[in-house]
Structure formats: C-alpha cells, structure tokens
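K.L.:
give me coordinates for this.
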Amino acid sequence: MSIAGQRLALVSLVVPEYDEAVAYYTSVLGLRLVQDEPQGDGKRWVVVAPAGAPAGGAALLLARAATPEQASRVGNQTGGRVFLFLHTADFAADYARYAAAGVEFLSEPRDEPYGRVAVFRDRYGTKWDLIEPRVATPLAHEAAGLEAHADALLAFLTECERLKTALRSGWTSAGRRESVAEHTWRLMMLALVIHPSVPEADLFRVLKICLVHDLGEAIGGDVPAPEQAARGGVKGTDERRDLQTLIAPLPAALATEILALWDEYEAASTAEARLAKALDKLETILQHTQGDNPMDFDYRFNLHYGRRYTEAPPIVAALRARLDAATEARAHAQESA
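P.N.:
Here you go, the predicted structure:
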C-alpha cells in the first residue's frame, strides 16, 4: 500500500542540554539551526539540519533528556550501532574540516560499493557515517545511456552560454556593460586570492557557491539591487525557479547539488556562503569604482550596499574600507563636475 504525501521529517536525537548541543552541532559539525522555539516548562523545539539540505528535507530534533532513563540513552540510541548517515558532496573537505575541529573518527576513510565513508563519534557518543555517495560515471553507462548523459550535459552547458550576454548594471573600464559571466569570473578570482586570509573557509565549496550563485540569471537576467527593493523581495523566488528550469536536463543528483549550493548561498547558512556573499558585494563595488559609468550613476548607493555582509572577517573589512574610499572619491568627482 502506498500513501501519497508522506515523508520522513524529523529524527529525535537525545542530548543533555539544548544550548550546548546547538553550539556543537552548528559550530563543529556545520549543521544549521532551523528552528528554536520555547514550548513551556523549559522545553524547546530545536531543529538542526545539514547546511546544504533542501527545504523540507529530513532534520534532527534535539530532545533534551528529561529523566534518568532518557539521559542513559544519550549517545547510544542504537545500542552501539551507527545511528545517523550524513551525505556529503565533498568527502575530503568535510573529513579534513571535522578532523581539524577535533571530531573523533573511529575508522580511516574507505571506499565501499556505495561510496567513500568514515565513521565518527560526536561529543555525546552518537556514531555517524560520513558518506560521499558513489555517483555512476558516464563510463559505467551502456552506450545509449552514455549518449543521453552527454546530451544532457551539453543541453545544460548550451543554456549557460546566456550568462555571457546577460548584462549587469556595472560598466567596464572600456565603457561597455559587463556580463554576469564576467562578474562571476572575477568573483571566483577574488575568492581564490583572499582564501589564505580566511583559511577556516573551504575554498572549493566557496568556489562552487560563487559559480552557481547567479546561474538562474541565464533565464531571468540580472536585477540591480535598487530594483530588487522596488520589486518587494521576489527576486530570490523568481531566480530559484529559473535555476530549476536551467538545471532540469542534468542528472538528478547533480541538479540537486547545484540547487542546494544556491539555497545555501541565498540563506547565507554557512561560513562559506557568507564569505561568498561578502565577496559578491565587494566585486560589484570594485567594478563600479573602476567602470566608465554613465554620468548619472549612483555611486553613493554603494556606500550602504551589502554592509552587513562585509564587516568581517578582517580582510573583507579592509577591502571594504578601501572600496568605500574609492566610491566616495568617484561620487565627489561626479558631484563636482
């Protein structure tokens, strides 16, 4: 019997205290806090989920142990077996990040038929599998499957070409409008050169987020920041829909990964996403300070643009200060002309 509309929403994980558990699972394991609401009598509804998980995906309900029997189950809800299975698109990066944070791995990474895996134990004793699922490669497909796979990739990449001609509000130093693709290229270059000053961020993930953050604009085009406010904040909804259309030809696993990266950026739910947002603002302002812009260009808008994302880390704040000075100089020159 099949019942439509059902899904597994939450798995209860017994913990000693709420705040300590939230701090550990978010700061060390990198999960995001989805919900934290008081329920009365000291109880709270606390939900965490992987940072890149799609909206509505399975999540963990952190349940504080309220009795001695419940406390005895903390870290051992399965009698010593692995309880939770955390999938990742980048095993090497997550393994290195967890190890550096002091997470206790109980096994060396190994390759299994289903993917690359290592078992770790969280601070309460719960065992997890960190898994990068094995994705079937085109070489494993039969001839017909390989042809279809190649066609799907080319269909997607052909549509991505639109980003080379989708124009932004910025102008180049040569006096022409810049494209979304050009903005993305220098954004990724900015991420590369700034990374030594922000070693805690996973560079590969930052680059992937930067690469996909404007993909939806291949269909809907760029919407300048001042116009976004006038539209009432629907840009994200429209752009996500356009992105789903763009990635539709791709294999499901790859399309899901790209959409999750975009959602991560949009929500600024991880350190990598927040850094990508900060760099996006900096690259935009940089282009505006060096572009051969129209006479009525609003430089002073940039003095407030993206401020909350560019106050940290220190290198980002230092770059922002210099770009603000350059912006002020362009505005002053314009007003004095």
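K.L.:
Leu250 and Ala273, how far apart?
P.N.:
Distance of Leu250 to Ala273, given as CB to CB, to the nearest Å: 21 Å. Glycine gets a C-beta too; all of them are placed from N, C-alpha and C.
K.L.:
the two - which one has more neighbours?
P.N.:
Set side by side, Leu250 and Ala273 show more neighbours around Ala273, with 25 against 19, by other CB atoms under 10 Å.
K.L.:
quick one: the more buried one from Ala23, how far?
P.N.:
Plainly put, Ala273 is 19 Å away from Ala23 if you go by CB to CB.
K.L.:
isn't Phe105 right up against Val117?
P.N.:
No. Counting by CB atoms under 8 Å, Phe105 stays clear of Val117, with 10.9 Å between them.
K.L.:
those two: who's more crowded?
P.N.:
Using other CB under 10 Å, the more surrounded residue of Phe105 and Val117 is Val117, with 18 against 15.
K.L.:
assign a three-state SS to the more buried one, would you?
P.N.:
strand (DSSP: H, G, I helix; E, B strand; the rest coil).
K.L.:
the helix or strand bottoming out on mean pLDDT in the chain: what's the following helix or strand?
P.N.:
Least confident helix or strand, the chain: helix 225-230 with a mean of 65, by mean pLDDT, DSSP states H and E. As assigned by DSSP states H and E, the chain's next helix or strand after helix 225-230 is helix 235-247.
K.L.:
all strands of the stretch 51-200 of the chain, in order?
P.N.:
59-64, 84-87, 104-105, 110-112, 115-121, 127-133, 167-171, 177-179 (DSSP state E, counting those that start in this stretch).
K.L.:
buried stuff in the last one?
P.N.:
For strand 177-179, a neighbour-count test (16 or more other CB atoms under 10 Å) marks Glu178, Ser179 as buried.
K.L.:
now do it: which elements does it pack against?
P.N.:
strand 167-171 (3 or more CB pairs under 8 Å, 6 or more residues apart in numbering; DSSP states H and E).
K.L.:
relative to the strand it packs on, what are the paired strands and their orientations?
P.N.:
Taking DSSP bridges as the criterion, strand 167-171 forms sheet pairs with strand 177-179 (antiparallel).
K.L.:
other residues contacting the partner strand?
P.N.:
For strand 177-179, contacts defined as CB atoms under 8 Å, 6 or more residues apart in numbering pick out Leu163, Lys164, Thr165, Ala166, Leu167, Arg168, Ser169, Gly170, Trp171, Thr172, Gln287, Gly291.
K.L.:
now the fifth one, which residues is it bridged with?
P.N.:
Leu167 forms beta bridges with Ser179, as assigned by DSSP bridges.
K.L.:
identify the residues contacting it.
P.N.:
Contacts of Leu167 (CB under 8 Å, 6+ apart): Arg177, Glu178, Ser179, Val180, Gly221, Asp222.
K.L.:
tell me the secondary structure for Glu37?
P.N.:
Per three-state DSSP, Glu37 ends up strand.
K.L.:
next up, the contacts around it.
P.N.:
By CB under 8 Å, 6+ apart, the contact set of Glu37 is Arg44, Trp45.
K.L.:
if I look at it, how far off is His183?
P.N.:
Plainly put, Glu37 is 39 Å away from His183 if you go by CB to CB.
K.L.:
how about Thr327?
P.N.:
Noted for Thr327: a distance of 17 Å to His183, by CB to CB.
K.L.:
also Asn302?
P.N.:
15 Å.
K.L.:
before we move on, the earlier item: ok, which pair from the contacts of Leu167 is furthest apart?
P.N.:
Maximum pairwise distance in the contacts of Leu167, criterion CB to CB, is 13.3 Å, between Glu178 and Gly221.
K.L.:
quick one on the thing from earlier: in JSON lines, list the strands of the stretch 51-200 of the chain along with distance to Asp296 and mean pLDDT.
P.N.:
Formatted as JSON lines, the strands of the stretch 51-200 of the chain follow (distance: least, CB to CB, whole Å; pLDDT from 0 to 100):
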{"stretch": "strand 59-64", "distance to Asp296": "48", "mean pLDDT": "96"}
{"stretch": "strand 84-87", "distance to Asp296": "50", "mean pLDDT": "96"}
{"stretch": "strand 104-105", "distance to Asp296": "59", "mean pLDDT": "97"}
{"stretch": "strand 110-112", "distance to Asp296": "60", "mean pLDDT": "92"}
{"stretch": "strand 115-121", "distance to Asp296": "55", "mean pLDDT": "96"}
{"stretch": "strand 127-133", "distance to Asp296": "51", "mean pLDDT": "96"}
{"stretch": "strand 167-171", "distance to Asp296": "12", "mean pLDDT": "93"}
{"stretch": "strand 177-179", "distance to Asp296": "15", "mean pLDDT": "97"}
